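*Asks:* attaching a predicted model along with its sequence, questions to come.
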Amino acid sequence: MIVTAALLVLGRNIRDRYADRLQALDPFKARLLTVSLGLVTGVLVTVTSVGAGAIGVTVLLLLHPKTPVGRIVGSDIAHAVPLTLLAGAGHWYLGSINWGLLSTLLIGSLPGIVVGSYLATRARDGVVRVMLATSVILPFATQIVRATPRVRDLNDRSSCSFRATRSALVARVSGSE
């Protein structure tokens, strides 16, 4: 995720540096790599529900360096519609959909789509790139913060994590593992 965010922010520099190589990429090979990207994102979205857009947009920016970011984002979203429709149909068939949760997500998402589409087509490429990088790195950073033990937990001798850590250290030091 960090690499994806970095590529989104530094994408223009990377594309400028490798523009000759990317332009020399014959159209058939670019299409083949784009199809491969579609295959990978299809699997990722269906299995994990990961937002394949950020990964896909990053690779598409590298494979199609002359295409404006707004067009790549629009194409990726248009790709996401049938992708998520089919993935959703598979989960519907398997019975793994919470319809109440889906309804509340749609209530918020539909107006968000209108606002986002308006902003994406009117914002400069750099602004869209930074927004994409932020949307990729923020959830990643949140997970890291959640996984980091809190200082108060380390100081609290009644904490389960403290007791487990202390027991493991005592066992290792005394050789009774």
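*Replies:* Structure received.
*Asks:* for Lys66, what are phi and psi?
*Replies:* phi -90, psi -10 (degrees, to the nearest 10).
*Asks:* can you count the residues close to it?
*Replies:* Lys66: 8 surrounding residues under other Cβ atoms under 10 Å. From N, CA and C alone the C-beta is placed, and that goes for glycine too.
*Asks:* just the pLDDT for it.
*Replies:* Lys66 carries a pLDDT value of 76.
*Asks:* that one and Ile72: what is the separation?
*Replies:* 11 Å (Cβ to Cβ, to the nearest Å).
*Asks:* repeat that for Leu44.
*Replies:* Counting by Cβ to Cβ - Leu44 and Ile72 are separated by 18 Å.
*Asks:* ok, now Thr148?
*Replies:* From Thr148 to Ile72 the distance is 35 Å (Cβ to Cβ).
*Asks:* neighbour count winner among those two?
*Replies:* Ile72 (20 against 8).
*Asks:* please, which helix or strand holds the more buried one?
*Replies:* helix 69-94 (DSSP states H and E).
*Asks:* name the helices or strands packed onto that helix?
*Replies:* Under the contact definition 3 or more Cβ pairs under 8 Å, 6 or more residues apart in numbering; DSSP states H and E, helix 69-94 sits against helix 27-48, helix 52-63, helix 99-122, helix 125-147.
*Asks:* would you mind finding the most buried of those?
*Replies:* Compared across the helices and strands packed on helix 69-94, helix 52-63 shows the largest average neighbour count, a mean of 21 (mean count of other Cβ atoms under 10 Å).
*Asks:* for that helix, name the packing helices and strands.
*Replies:* helix 2-17, helix 27-48, helix 69-94, helix 125-147.
*Asks:* can you say which of the ones you listed is nearest to Leu101?
*Replies:* helix 69-94 (12.1 Å; Cβ to Cβ).
*Asks:* go through the closest one and flag the buried ones.
*Replies:* For helix 69-94, the neighbour count (16 or more other Cβ atoms under 10 Å) marks Val69, Gly70, Ile72, Val73, Ser75, Asp76, Ile77, His79, Ala80, Leu83, Ala87 as buried.
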